[in-house]
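>>> Here is the input, now give the coordinates:
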Amino acid sequence: MTTTTDTTTDTTTDSARLNFYKLAPGVYQPLLNAHLAAKKGLGDDVLAELVLIRASQINHCAFCLDMHVKDAQKAGVSEERIHLLNAWEEAGAHYSAKEQAALALTEAVTVLTEGFVPDAVYERAAAHFDERELAHLISLITTINMWNRINVAVRQPIGGGA
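Numbers count the residues shown, from 1 in each chain. Purely as a prediction, here's the structure:
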């Protein structure tokens, strides 16, 4: 007997599979605190939002994309830079060397295709960020990946509160 699994997803729902954040407040609040501390420690809202959007693009997290695109717009990021972010390497002239280094690190930490962050990517970021900034950048990338994974797993709806 052959069984098939329907792998189609219904992403049109207005409610999450479960209210993760209400059910796991001991996870939510520390994650939020870590995320906010990382963002504050980085000290550059535009750079932070670019990183948050890029990780959310990779992870296909519509909830976080919606939120961070709006936050990026509020921080003054142009529509053009937001739209080109998915192809930032080809659109390099639209991003500073520091932003490009942060985006490369974001991709390396988010995907871990080689099982680790390549030395060249880390060194590129280290050339633009002091150790304190780098620690906060890595923390921000790590927290957005956790948010993305939770929101994708529970199918947190766009515009729905956490």
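>>> need the contact list for the nearest residue in space to residue 139 that is not next to it in sequence.
Excluding its sequence neighbours, the residue lying closest to residue 139 (Cβ to Cβ, 6 or more residues apart in numbering) is residue 38, at 3.7 Å. (Each C-beta comes from the backbone N, C-alpha and C, glycine too.) Residues in contact with residue 38 (Cβ atoms under 8 Å, 6 or more residues apart in numbering) are 136-137, 139-140, 142-143.
>>> just the buried members of these?
For these, a burial check counting by 16 or more other Cβ atoms under 10 Å picks out 136-137, 139-140, 143.
>>> Could you check how far the residue nearest to residue 139 is from residue 52?
Here residue 38 is placed at a distance of 10 Å from residue 52 (Cβ to Cβ, to the nearest Å).
>>> who touches both of the two?
With Cβ under 8 Å, 6+ apart, residue 38 and residue 52 have common neighbours residue 140.
>>> if I read this right, residue 75 contacts residue 46, doesn't it?
Yes - Residue 75 lies in contact with residue 46 (Cβ atoms under 8 Å); the separation is 5.2 Å.
>>> So which residues of this protein form helices?
Secondary structure of the chain by DSSP state H: the helices cover 20-23, 25-42, 45-58, 62-74, 79-84, 97-111, 119-126, 131-154.
>>> could those helices be laid out in CSV, adding distance to residue 14 and mean pLDDT?
Listed next are those as CSV, based on distance: least, Cβ to Cβ, whole Å; pLDDT from 0 to 100:
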stretch, distance to residue 14, mean pLDDT
helix 20-23, 16, 92
helix 25-42, 21, 96
helix 45-58, 20, 98
helix 62-74, 12, 97
helix 79-84, 25, 98
helix 97-111, 28, 97
helix 119-126, 39, 97
helix 131-154, 13, 97
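>>> Quick check: which of the ones you listed is buried the most?
Between the helices of the chain, helix 45-58 has the highest mean count of neighbours, a mean of 23, where neighbours are mean count of other Cβ atoms under 10 Å.
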